[in-house]
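[1] got a predicted model here, sequence first, then my questions.
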Amino acid sequence: MRRADDRHIDDPPKLLSYDDALAVIARLVHVARSRGEVLRSPIVLAGGTALAGWQIRAYSRDVDIYIPEISADAVALVEQEFRARRGASFRLDVTTGENVWGQILIRDIASSPVLGRISDLELRALRIEDLFLLKLASGRARDLPDLDLLAPRTTADALVDRWNQLIKWHGDRHAILGFADGLVVQLQRLFGGDPVATIARLEITAGQRALLLDTYRGKGSE
């Protein structure tokens, strides 16, 4: 699933409000069902759409969602329809898998917090902690400002607890050390967390812990 940062879009008229995004999703449900497709809950907002749903951002460029099952044809039809209205940059980004970003699976995505309904389907949004950690894992500089927006809505403890869950579902074991390092850096920057204390709470291997401690030991009081 792609991700876009609406602060880097140069064509403000093409930005979507949260209500705009809901209209796109409702249209997708209608088109899929008109084709005879059977849809089931939940629809889960991701990326910029989830940030809008949580009222962290007012706008996004793309509509990013997870839905358990829907045809690529239905998605393509609705995307083409809205591109005709909103321009060629419009994206309807739909995933039916639990890997909404890269190699990290969110196996409990269906239990994300409820925001409402679209027709008779549950409408949910990724947890604040999931959004924070997925953007952290992206490694993209343009995602860093979103961490500042998300941080006031969560805690360092909640982020560590969720990180410890997500790494159990991470598809690339070689990426975990860098992911852990990034978490330590951001918890220190945003919450004043002691790196050594944070590392002690991470569910990583003894070797990974030793490597991190070699980097951070003695920095907690700086």
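    Everything's here; your move. Numbers count the residues shown, from 1 in each chain.
[2] just checking, next helix/strand downstream of the helix or strand of the chain with the lowest mean pLDDT?
    Sorting the helices and strands of the chain by mean pLDDT, DSSP states H and E puts strand 59-60 at the bottom, at a mean of 90. Under the assignment DSSP states H and E, the closest C-terminal helix or strand after strand 59-60 is strand 63-66.
[3] quick one: the next helix or strand after that next one to chain centroid distance?
    Downstream of strand 63-66, the first helix or strand assigned by DSSP H and E is helix 72-86. What separates the centre of helix 72-86 from the centre of its chain is 22 Å, taken as Cα atoms, centre = their mean, to the nearest Å.
[4] stretch 143-152 now?
    In terms of Cα atoms, centre = their mean, the centre of stretch 143-152 is set 12 Å apart from its chain centre.
[5] do stretch 87-104 as well
    That offset, for stretch 87-104, works out to 10 Å (Cα atoms, centre = their mean).
[6] please apply the same query to stretch 135-154.
    10 Å.
[7] ok, and what's touching that stretch?
    Stretch 135-154 is contacted by residues 3, 5, 7-8, 51, 54, 56-57, 101-102, 104, 128-129, 131-132, 175, 178-179, 182-183, 186, 190-191 when judged by Cβ atoms under 8 Å, 6 or more residues apart in numbering. Every residue, glycine included, has its C-beta placed from N, CA and C.
[8] pLDDT on it, on average?
    Across stretch 135-154, the average pLDDT comes to 91.
[9] how far away is the residue most central in space within the chain from residue 143?
    The centroid of the chain falls nearest to residue 131 when counting by Cα atoms, centre = their mean (3.7 Å). Using Cβ to Cβ, to the nearest Å, residue 131 is found at 10 Å from residue 143.
[10] ok, now residue 20?
    Using Cβ to Cβ, residue 20 is found at 22 Å from residue 143.
[11] do residue 76 as well
    For residue 76, the distance to residue 143 - Cβ to Cβ - is 27 Å.
[12] how about residue 78?
    In this view, residue 78 and residue 143 are 26 Å apart by Cβ to Cβ.
[13] neighbour-wise, which of those two wins?
    Set side by side, residue 78 and residue 143 show more neighbours around residue 78, with 22 against 18, by other Cβ atoms under 10 Å.
[14] quick one on the thing from earlier: which strands and helices sit next to the least confident helix or strand of the chain?
    Packed against strand 59-60 by the contact rule (3 or more Cβ pairs under 8 Å, 6 or more residues apart in numbering; DSSP states H and E) you find strand 16-17, helix 47-53.
[15] partner strands of that strand, parallel or antiparallel?
    strand 16-17 (antiparallel) (DSSP bridges).
[16] okay, buried residues for the next helix or strand after the strand it pairs with please.
    Once strand 16-17 ends, the next helix or strand along the chain (criterion: DSSP H and E) is helix 18-34. Buried positions in helix 18-34, judged by neighbour count with 16 or more other Cβ atoms under 10 Å: 18, 20-22, 24-25, 28-29, 31-32.
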